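> how would this look folded up:
(chains A and B)
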Amino acid sequence: MDIASSAGLARGQSAGTSSRYRRSGYRKAAVILCSLLVLLLVAGAVAIIGIAETGLMTLLMVILQKLTFGYFVAEVDPQQARVLVHLRLPRVVMAMVAGGSLAFAGVLMQAITRNPLVSPYTIGVSSAAAFGASIAIMFGVGFSAAGLYFVPLTAFLFALGCAVLVFSMAWLRGMGAQTMVLTGIALMYLFSAMTAAVQFVATQEQLARVVHWTFGSLNGIGWDAVAVSGAALLVALPLAQSRAWQFNALTSAGDDVSRSLGINVALLRGLAVVLSVVVSAVVISFTGVIGFVGLIGPHVARLMIGSDHRYLIPFSAICGAMLLLLADTVGRMAFSPTVIPVGIVVAFVGVPLFLHLILSRRSEYFS
Amino acid sequence: MSDYLSIDKVSFGYGSRSVLREVSVGLNKGDILGLIGPNGAGKSTLVRTVLGLATPSSGRVLLDGADIRSMSPKDRARRIAYVPQSSPLSFPATVFETCLLGRTPHMGASPSRGDLTVVEDMLRRLRLEDFAFRPMSELSGGERQRVMLARALAQETEVLVLDEPTSALDIGNQLFTLRVVSEIARERGVTALVAIHDLSLAARFSDSMLLLDKGAVVGHGDWQGTLTEKTVREVYGVNVEIGLLRDIPVFAPHELT
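Have a look, this model is predicted:
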């Protein structure tokens, strides 16, 4: 017995299970804070990679200048500053917002279905969005009046429409987890088939755009996309976080016991679906389909910090943000100047990591 | 009615199939009622009705005079706790985390120190301290069942509803589980409803028995009156020898009828 714990015994605490539980809580909170810090540092480092003679100071000065609305004048080459502010920074921030949003949506979906194989895409959001984007690309030529946002807007509406269908089916059947997953998978196939049908009649140029959209990419992402997606995540995260304990009950005790603990299971499930669908649909409407983060982000987080959703929800978002940020950087650097879409790279980075986790964990996790 | 927990003419049906038919029974405070009957007799449905998980097609369940369906879910959770037959294992949670869920109806967004102390005491009482930070999936069936009991006891309710709490346990754990339930019932005046298959354990630990068959009450009272060789033969279709071994009721089935 070490000195610290014997001193604790003298005070009549610290030996008990409740203080050990409390200490593990502090440790988890510390892990979250540290990883957030690391994420920001990595984001800073990644932002300046590949811009000639741009150092960390340049980055900080440019950010400071923007934050003070030009009151503070950065002594930076304006060309460099433009690249940073209009190309690099939105891309880096969007990588984090997108990764964070998809992993956040994933952890909620896995919680309410008690199914580790589920991601926000399991209920058909991504294929519905892809179908929406395809028709927008195919038939949207004459609609240039609808502007830049025609494709993302159509994608978003189709994703929401799909979610409404899944939601109503589940509602009719008492908000059970099974109905939700099965309906979602069925709709996923339906929308994929419809997208294929659209592609069948598309011209070469349209086809290329549709295919590119389904890769998922951060090319040409601007501050507008960051603002909309970031706002959605900032609203959804605290709403889910305030019910984190209820998610704990639902995942580890099941529907009946959760209800006997006073939880409105149908309401919780409904809220989680709405939050995860909106957040993930907003992101993929701008970026295209970025797979896998929503599935693997929560698992990486769970393996590192455990299943308590009070910690798991924010930490999943951080893990997803980190994963997508690294994947996009690899995609940018690997065959520079050619940029590989992040949706492709994330699978190359994520799958080996995922397989490694499955093999290295004790049997209890994926049993 | 002066009963503390009273089930009043409860009927339940899925479509045209009736599962419970005007079941009525009353329990005094601190009583343990053994709910017995063959598979499909309606025991689980009655358990779910008392918990407010199933809505009866007619009749009601009263707790201290108040209809449990008129209580808010949180209020009901503060008064009635549930020990299920088994629990899903989806994502790894520790024993302590699982047990702490019992405090849900008493807390806000997070457990307080008081909540943690309740759980610590309950884990000690159920001899789960050594497993407190092990994942549930590493536990044996008996240990897992004890965690679920600890969770329900940590809920600190007036009523405890147990659905086949001993069906997956070895004889040592069966005895341990029911002994804890009867101690708690005596100490805290907790009223318990235990659906159970083992007639010997039921007779030994219950203050009274309720025998269900095809959704209807066919026997109610002390075990000697409820479980005779005749009623067991009629309800279960088995010829039994009933006897006492050191004052412990024993049911020896010897032939199907």
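> Show me which residues of the stretch 101-250 of chain B sit near chain A.
By Cβ under 8 Å from any Cβ of the partner chain, the part of the stretch 101-250 of chain B that sits against chain A consists of B:101-102, B:104-105, B:107, B:109-110, B:113, B:116-117, B:119-120, B:123, B:129, B:132-133, B:135-138, B:151, B:155. From N, CA and C alone the C-beta is placed, and that goes for glycine too.
> Report the buried members of those.
Burial by neighbour count, 16 or more other Cβ atoms under 10 Å in any protein chain shown: within those this picks out B:101-102, B:104-105, B:116, B:119-120, B:123, B:132, B:135-137, B:151, B:155.
> What segments of the stretch 251-367 of chain A are helices?
With helices called from DSSP state H, counting those that start in this stretch, the stretch 251-367 of chain A shows them at A:265-287, A:293-305, A:309-333, A:342-360.
> Oh, that last question was meant for chain B, not what I typed.
Along chain B, the stretches classed as helices by DSSP state H are B:43-51, B:73-79, B:95-100, B:113-125, B:141-154, B:171-188, B:199-205, B:223-226, B:229-236.
> okay, those in JSON lines with mean pLDDT next?
Rendered in JSON lines, the data for the helices of chain B read as follows (pLDDT from 0 to 100):
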{"stretch": "helix B:43-51", "mean pLDDT": "94"}
{"stretch": "helix B:73-79", "mean pLDDT": "95"}
{"stretch": "helix B:95-100", "mean pLDDT": "95"}
{"stretch": "helix B:113-125", "mean pLDDT": "94"}
{"stretch": "helix B:141-154", "mean pLDDT": "91"}
{"stretch": "helix B:171-188", "mean pLDDT": "91"}
{"stretch": "helix B:199-205", "mean pLDDT": "94"}
{"stretch": "helix B:223-226", "mean pLDDT": "91"}
{"stretch": "helix B:229-236", "mean pLDDT": "92"}
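> Out of those, which is closest to A:Ala128?
Taking Cβ to Cβ as the criterion, A:Ala128 comes closest to helix B:73-79 out of the helices of chain B, the separation being 33.9 Å.
> and the closest one with chain A, contact?
Yes. Applying Cβ under 8 Å from any Cβ, one finds helix B:73-79 touching chain A at B:73-78.
> just the CA coordinates of that helix, formatted as CSV?
Provided in CSV are the C-alpha atoms of helix B:73-79 (Å, rounded to 0.1, in the frame of the first residue of the first chain):
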residue,chain,number,x,y,z
PRO,B,73,-42.5,8.1,-14.4
LYS,B,74,-39.9,9.7,-12.1
ASP,B,75,-42.2,9.5,-9.1
ARG,B,76,-43.0,5.9,-9.8
ALA,B,77,-39.3,5.1,-10.2
ARG,B,78,-38.7,6.5,-6.7
ARG,B,79,-41.2,4.1,-5.2
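> Run through who's touching that helix.
Helix B:73-79 is contacted from outside by A:259-264, B:52, B:63, B:68, B:71, B:104-106, B:155, B:157-159, using Cβ atoms under 8 Å, 6 or more residues apart in numbering or on different chains.
> one more time with 10 Å
When contacts are taken as Cβ atoms under 10 Å, 6 or more residues apart in numbering or on different chains, the neighbours of helix B:73-79 outside the stretch itself are A:258-265, B:5, B:51-52, B:63-64, B:66, B:68-72, B:102, B:104-106, B:155-159.
> try stretch B:37-44
For stretch B:37-44, contacts defined as Cβ under 10 Å, 6+ apart pick out B:10, B:12, B:18-21, B:23, B:35-36, B:46, B:49, B:54, B:84-85, B:163-164, B:193-197, B:209-219, B:235-238.
> Please apply the same query to stretch A:265-272.
A:105, A:107-113, A:167, A:170-171, A:174-177, A:180, A:236, A:239-240, A:243, A:246-247, A:249-250, A:254-259, A:264, B:73.
> 7 Å instead, please
Contact partners of stretch A:265-272, identified using Cβ atoms under 7 Å, 6 or more residues apart in numbering or on different chains, comprise A:108, A:111-112, A:175, A:243, A:246, A:250, A:255, A:258-259.
> Same question for stretch B:92-109.
Under the criterion Cβ under 7 Å, 6+ apart, external residues in contact with stretch B:92-109 comprise A:17, A:21, A:242, A:245, A:248-249, A:252-253, A:261-263, A:307-308, A:364-365, B:74, B:77-78, B:111, B:115, B:118-119, B:122-123, B:128, B:131-137, B:147, B:150-152, B:154-155.
> now it, how far from the centre of its chain.
Once both centres are worked out by Cα atoms, centre = their mean, to the nearest Å, stretch B:92-109 turns out to sit 20 Å from its chain's centre.
> The helix with the most length in chain A: what's the following helix or strand?
When chain A is scanned for its longest helix (criterion: DSSP H), the result is helix A:17-48. Next helix or strand after helix A:17-48 toward the C-terminus (DSSP states H and E): helix A:56-67.
> which residue is nearest the middle of the chain?
All of this is about chain A. A:Leu102 (2.0 Å; Cα atoms, centre = their mean).
> oops, chain B please
Among the residues of chain B, the one closest to the centroid is B:Leu162, at 1.7 Å (Cα atoms, centre = their mean).
> Can you read off the pLDDT for that one?
At B:Leu162 the predicted local distance difference test score is 95.
> Settle this for me: it is touching B:Thr191, isn't it.
No. With contact defined as Cβ atoms under 7 Å, B:Leu162 does not reach B:Thr191; the gap is 11.8 Å.
> Run through the residues of the stretch 101-250 of chain A sitting next to chain B.
A:114, A:116, A:242, A:245, A:248-249 (Cβ under 7 Å from any Cβ of the partner chain).
> I'd like to know how far B:Gly15 sits from chain A.
Between B:Gly15 and chain A the computed distance is 16 Å (Cβ to the nearest Cβ, to the nearest Å).
> and that residue, what pLDDT?
The score at B:Gly15 is 74. That number is its pLDDT.
> Next, it: phi, psi?
Note on B:Gly15: backbone dihedrals following degrees, to the nearest 10 are phi 60, psi -120.
> which ones are touching it?
Taking Cβ under 7 Å, 6+ apart as the contact definition, B:Gly15 lies against nothing.
> For the residue of the stretch 51-200 of chain A found nearest chain B, give its distance to A:Met61.
In the stretch 51-200 of chain A, the residue found nearest to chain B is A:Arg114; the distance is 4.0 Å by Cβ to the nearest Cβ. For A:Arg114, the distance to A:Met61 equals 49 Å [Cβ to Cβ, to the nearest Å].
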